[in-house]
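Sequence first, then the predicted structure:
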Amino acid sequence: MTTNLYIFNPEHDLALANYSDFYQAPLSARTFAKDLALLPIWFSENPTEILVNEKIDSELPSCFLRLLPNNINIVTKPSSSINKIIPWGWNPAVRQNLSTLGISKTLLPTQNDLDKIKQLSHRAFASEAMLFLKDTIHNANFPNPAVSLNTLEDINLFTKRYDEIVLKAPFSGSGKGLYWNKGALTESLNGWCKRTIAKQGCVMGEQALHKIQDFAMEFYSDQNGQISFSGYSLFQTDDAGIYKSNRLLSDSDIETELQNYISIDLIYRIKTQLLTFFGKTITSNYNGYFGVDMFIFIDSNGIFCLNPAVEINMRMTMGMVARLFYDRFVETGKQGLFTIEHALHTDEILHKNKLQSTQSPLKITNQKIQSGYLSLCPINENTHYSVSVIIQ
């Protein structure tokens, strides 16, 4: 029997920017990875092994067993039956770690594969997608694509083009490495720009827009580079652009929500053109899910408009996890919320988990959630990060 090996390495964006075999993520990222190490059990294909850095002592909660198949194994070292590896994202550090665990090179990406993934993960690729959409979908009033700013002089000139701008590190994700600015650069932002240019070659700049609603289109690239649409993600971020939660809805319900602002015809045309674009630009170097973040905004005339290529995440995304979780485990027609939370103090997450479990008891019928609260990873007194769902 052959088996898939899943790895939750959410530090992927940082590791890709560093691009070293021996990258060490900051403590916060390592804690996040540890606390949510079992997240792949909800989107894996079976039979499955989930690779964790530390042995999970306790058994899976009984509610997990009522929803999940029984051929999932949690391991600290992969078995010999592994025939495919599916990390959150591929980068040199995760490849090196797997190599030290004895994984055959035939199951690992080549250097050329990693170089291609890095190229596709640069924010300039989203800018390229935006240019393609502007050229192929006319009269849609898309904003100008982000531009590459290679010097401080370029950045200072760019600040004069718009009342407010957003500056972004080329390799970053989930709302990290974003800075909003009005007028001349502050001293601290000037320093950040210098460091980012030195490390990553440039800073990406774009006009700041009055955002109303975030969403994403999720896609899948198979081993032959064939691209397919995998669903929508309707999500929320905080004021700094950091991911917080996903609405749990069917794809058709998300389309209905989006039609409050823009036409369904435009949504379909964007989807079609993105499939064409990715078919030309993504090859067999990348196999897996990836997402295109978008948002609806109000322009200066009070008209709802769409930014169809804010960023492209060439990796698994929380939006795709939410999409797959809803489709697999939630009763048809129900709605809910998929949320990530962080607590500074020990016991805080554990206390909240117990409270919500009591207030919103889980109801499961035929391996589908009808209502209630569920933490998607085990929680103990040392947990600082959690991911949970609540179904109404």
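That came in fine, so what should we check first?

only C-alpha atoms for contact and neighbour calcs from this point on.
Fine.

List phi and psi for the most centrally placed residue in the chain.
Centroid-nearest residue in the chain, with CA atoms, centre = their mean: T317, separated by 2.7 Å. Note on T317: backbone dihedrals following degrees, to the nearest 10 are phi -130, psi 160.

Model confidence for it, exactly?
Looking at T317, its pLDDT is 97.

and it, what is it in contact with?
Taking CA atoms under 8 Å, 6 or more residues apart in numbering as the criterion, T317 is in contact with 88, 289-291.

Show only the entries of those found in helices.
The helices, defined by DSSP state H, take in nothing from these.

Now list the buried members of those.
Among the contacts of T317, those classed as buried by neighbour count (16 or more other CA atoms under 10 Å) are 88, 289-291.

and which of the residues you listed is nearest to Y385?
W88 (17.2 Å; CA to CA).

The closest one and N9 touch, don't they?
Yes. With contact defined as CA atoms under 8 Å, W88 reaches N9; the gap is 5.5 Å.

What residues sit buried inside stretch 142-162?
Within stretch 142-162, judged by 16+ other CA under 10 Å, the buried ones are 142-143, 145-150, 152, 155, 158-159.

what residues does that stretch touch?
124, 127-128, 130-131, 134, 165, 181-185, 190, 193-194, 197, 201-207, 305-308.

Of the residues you listed, just the buried ones, PyMOL syntax please.
Buried residues among these (16+ other CA under 10 Å), as a PyMOL selection:
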select buried, resi 124+127+128+130+131+134+165+181+193+194+197+202+203+204+205+206+207+305+306+307+308
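
Please narrow the contacts of stretch 142-162 to those residing in helices.
Those of those lying in helices (DSSP H): 124, 127-128, 130-131, 134, 190, 193-194, 197.

List the contacts of stretch 181-190.
By CA under 8 Å, 6+ apart, stretch 181-190 touches 152, 156, 159-160, 163-167, 179.

Check the residues you listed and tell me the two furthest apart.
L152 and D163 (18.2 Å).

returning to what we had before: with respect to Q223, which of the contacts of T317 is nearest?
Y289 (11.3 Å).

With adjacent residues omitted, what lies nearest to the closest one?
Y220 (4.3 Å; CA to CA, 6 or more residues apart in numbering).

in the helix or strand where that neighbour lies, what counts as buried?
Applying DSSP states H and E as the criterion places Y220 in strand 210-221. Buried residues in strand 210-221, counted by 16+ other CA under 10 Å: 213-221.

so what does it touch, helix or strand wise?
strand 227-237, strand 288-298, helix 318-329 (3 or more CA pairs under 8 Å, 6 or more residues apart in numbering; DSSP states H and E).

Report the mean confidence score over it.
Averaging pLDDT along strand 210-221 gives 97.

Can you tell me what sits against that strand?
With CA under 8 Å, 6+ apart, strand 210-221 has contacts from 227-237, 271, 282, 286-299, 319-320.

what angle sits between it and strand 288-298?
Angle between the axes of strand 210-221 and strand 288-298 is 160 degrees (criterion: axes from the mean of the first three to the mean of the last three CA atoms, to 10 degrees).

tell me how far strand 210-221 is from the chain's mean position?
10 Å (CA atoms, centre = their mean, to the nearest Å).

Parallel or antiparallel, which strands does it pair with?
strand 227-237 (antiparallel), strand 288-298 (antiparallel) (DSSP bridges).

Report the separation between the residue lying closest to K194 once chain neighbours are set aside and G191.
Computed as CA to CA, 6+ apart, the closest residue to K194 that is not its neighbour in sequence is L152, at 7.1 Å. Using CA to CA, to the nearest Å, one obtains 10 Å as the distance from L152 to G191.

Check N4 too.
From N4 to G191 the distance is 44 Å (CA to CA).

Neighbour count: those two, which is higher?
N4 (19 against 12; other CA atoms under 10 Å).

Does that one touch S79 like I think?
No. Using CA under 8 Å, N4 makes no contact with S79, being 10.1 Å away.

S44: which of the helices and strands packed on strand 210-221 is closest?
The nearest among the helices and strands packed on strand 210-221, by CA to CA, is helix 318-329 at 9.5 Å.

now the closest one and strand 227-237, what's the angle there?
Using the same axes, to 10 degrees: helix 318-329 against strand 227-237 is 110 degrees.

What helices and strands are in contact with the helix or strand following helix 318-329?
Using DSSP H and E, the next helix or strand after helix 318-329 towards the C-terminus is strand 336-342. Helices and strands touching strand 336-342, by 3+ CA pairs under 8 Å, 6+ apart, are strand 243-248, strand 385-391.

tell me the mean pLDDT for strand 336-342?
Strand 336-342 shows a mean pLDDT of 97.

For it, which strands pair with it and how are they oriented?
Counting by DSSP bridges, strand 336-342 is paired with strand 243-248 (antiparallel), strand 385-391 (antiparallel).

Out of those strands, which is the most enclosed?
Mean neighbour count (mean count of other CA atoms under 10 Å) peaks for strand 243-248 among those, with a mean of 22.

I figured K334 was touching G372, is that so?
No. With contacts counted by CA under 8 Å, K334 stays clear of G372, the gap being 11.0 Å.

list residues touching both of the two?
Taking CA under 8 Å, 6+ apart as the criterion, K334 and G372 both touch 391-392.

Comparing those two, which shows the higher neighbour count?
Neighbours per residue, other CA under 10 Å: of K334 and G372, the larger number sits with G372, 19 against 15.

what's the distance between the spatially closest residue to that one that is not a sequence neighbour and I369?
Excluding the flanking residues, the one nearest G372 by CA to CA, 6+ apart is L362, at 4.1 Å. L362 is 7 Å from I369, where distance means CA to CA.

Pick out whichever of those two has more residues nearby.
I369 (24 against 17).

so that one sits in a strand?
Yes. With DSSP: H, G, I helix; E, B strand; the rest coil as the criterion, I369 is located in a strand.

what's near enough to touch it?
Neighbour list for I369: 329-331, 362-363, 391 [criterion: CA under 8 Å, 6+ apart].
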